[in-house]
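Chemist: quick one, fold the following:
(one chain, ligands or ions: 1)
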Amino acid sequence: MMILVTGATGNIGSQLVTALTQAGQQVRALVRDPKAVTMPPGVQLVTGDLNQPDSLADALVGVRGVFLLPGYADMPGLLARIRQAGVQRVVLLTSGSAAQADMNNAVSRFMALSERAAREADVPWTFLRPRAFMSNALRWLPQLRTGDLVRVPFAGVAAAAIDPADIAAVAALALTSDGYEGRIYELTGPDSLLPADQIAVLAKVLGRDLRCEGLPNEEARAQMEASMPVEYVDAFFSFYVDGTLDESQVLPTVQEVTGHPPRTFEQWAETHADAFR
Ligand SMILES: NC(=O)c1ccc[n+]([C@@H]2O[C@H](COP(=O)([O-])OP(=O)(O)OC[C@H]3O[C@@H](n4cnc5c(N)ncnc54)[C@H](OP(=O)(O)O)[C@@H]3O)[C@@H](O)[C@H]2O)c1
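Modeler: This next block holds a predicted model:
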């Protein structure tokens with residue numbers, strides 16, 4: 001059966017393409033710019049824009065399963081296209097904030113509305129709600145290139161961050177095995193860590209004397225507003241400064257679904273150490 005992976009160049013999608021290919025599945029990778037992409041042998045490349053559901057017509061031909069990212073311009077239109085194509089399974093990535101369905105919080109809202117679109121599309125769905133990704137540590141790369149001090153927003157907020165490879169492992173099972181339909185999986189890593197804890201692990205793995213310092217909230221806000229719409233900055237401040245989202249609880253889901261414990265931040269850092277060098 002052909003599986004369409006959206007976000008195929010991203011943290012989750014790229015790992016999912018690999019996991020599905022290794023499991024012997026037929027995989028089609030949706031990308032926006034095929035010239036900029038290399039995929040494992042045998043993977044079909046197809047061009048499309050998730051903000052324009054009609055652009056996915058070719059991508060969906062013959063597809064039985066779709067791994068879908070949330071939050072694009074017309075999720076109901078996208079899901080309608082997917083249903084019309086006869087897709088049997090949609091595995092939708094959202095996040096823990098989908099459960100809150102807080103329409104005053106831009107992130108919670110787009111996650112919840114993406115889930116709602118899938119529920120209302122009359123297509124078999126599975127929702128994956130991961131906590132913060134371990135790959136968010138790659139945001140520290142520019143600082144690590146210039147020195148050993150890493151200044152971070154929300155320094156007092158712990159999260160049971162998850163390795164994208166574990167999210168991909170759960171997605172691969174949900175796309176290729178029975179029993180996942182209509183279910184929601186809250187996915188965490190094995191430990192609840194502060195940014196300073198993660199930086200201490202990175203220091204050990206990289207053999208560097210790294211230090212972590214919290215950014216004052218005003219400075220954090222200014223930096224974030226330079227890279228994302230202000231409504232998202234407000235959403236993250238609501239989560240992490242007002243404390244409306246707690247991502248610190250460690251859950252057994254990855255172990256239960258995959259049969260192996262979730263990967264630690266140290267394992268993630270060792271796997272991605274070259275990116276930091
Ligand atoms: N970071 C976290 O802690 C966290 C936690 C929970 C949930 N999430 C959610 O996870 C999702 C994916 O995360 P990620 O880390 O895998 O993302 P990522 O590495 O930033 O990758 C995003 C992917 O989406 C593709 N893409 C972006 N806009 C597109 C469009 N209009 N049409 C088609 N493809 C498009 C990108 O392709 P190109 O190569 O074309 O750019 C890329 O492959 C996000 O939606 C985020 O909200 C993140």
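Chemist: what sits closest to the closest residue to the ligand within the stretch 151-277 of the chain if chain neighbours are left out?
Modeler: Residue nearest to the ligand within the stretch 151-277 of the chain: Pro164 (6.4 Å; Cβ to the nearest ligand atom). C-beta here means a position set from N, CA and C on the backbone, and glycine is covered the same way. Of all residues not flanking Pro164 in the chain, Asn11 sits nearest, at 4.2 Å (Cβ to Cβ, 6 or more residues apart in numbering).
Chemist: related to what we said a few turns ago, quick one, what contacts the residue of the stretch 151-277 of the chain closest to the ligand?
Modeler: Applying Cβ atoms under 8 Å, 6 or more residues apart in numbering to Pro164 gives the contacts Asn11, Ile12, Gln15, Phe133, Met134, Ser135.
Chemist: who in the stretch 51-200 of the chain is up against the ligand?
Modeler: Asn51, Leu69, Pro70, Gly71, Leu93, Ser95, Pro130, Ala132, Phe133, Asn136 (Cβ under 6 Å from any ligand atom).
Chemist: quick one: the residues you listed as TSV, columns for distance to Met103 too.
Modeler: Formatted as TSV, these follow (distance: Cβ to Cβ, whole Å):
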residue	distance to Met103
Asn51	21
Leu69	21
Pro70	15
Gly71	14
Leu93	20
Ser95	16
Pro130	22
Ala132	22
Phe133	25
Asn136	25
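Chemist: tell me which two of those sit farthest apart.
Modeler: The most widely separated members of those, counting by Cβ to Cβ, are Asn51 and Ala132 (24.8 Å).
Chemist: out of those two, which sits in the busier spot?
Modeler: Ala132 (21 against 13; other Cβ atoms under 10 Å).
Chemist: how much space separates Leu20 from Ile82?
Modeler: Separation of Leu20 from Ile82 (Cβ to Cβ, to the nearest Å) stands at 18 Å.
Chemist: check Pro34 too.
Modeler: From Pro34 to Ile82 the distance is 21 Å (Cβ to Cβ).
Chemist: go on, Pro195?
Modeler: Going from Pro195 to Ile82 by Cβ to Cβ gives 37 Å.
Chemist: ok, now Arg139?
Modeler: Distance, Arg139 to Ile82, using Cβ to Cβ: 31 Å.
Chemist: between those two, tell me which one has more neighbours.
Modeler: Ile82 (23 against 12).
Chemist: just the pLDDT at the more buried one, thanks.
Modeler: Confidence at Ile82, expressed as pLDDT, is 98.
Chemist: identify the residues contacting it.
Modeler: Going by Cβ under 8 Å, 6+ apart, Ile82 touches Leu56, Leu60, Val66, Leu68, Val90, Ala121, Val123.
Chemist: now do 7 Å
Modeler: Neighbouring residues of Ile82 by Cβ atoms under 7 Å, 6 or more residues apart in numbering: Leu60, Val66, Val90, Ala121, Val123.
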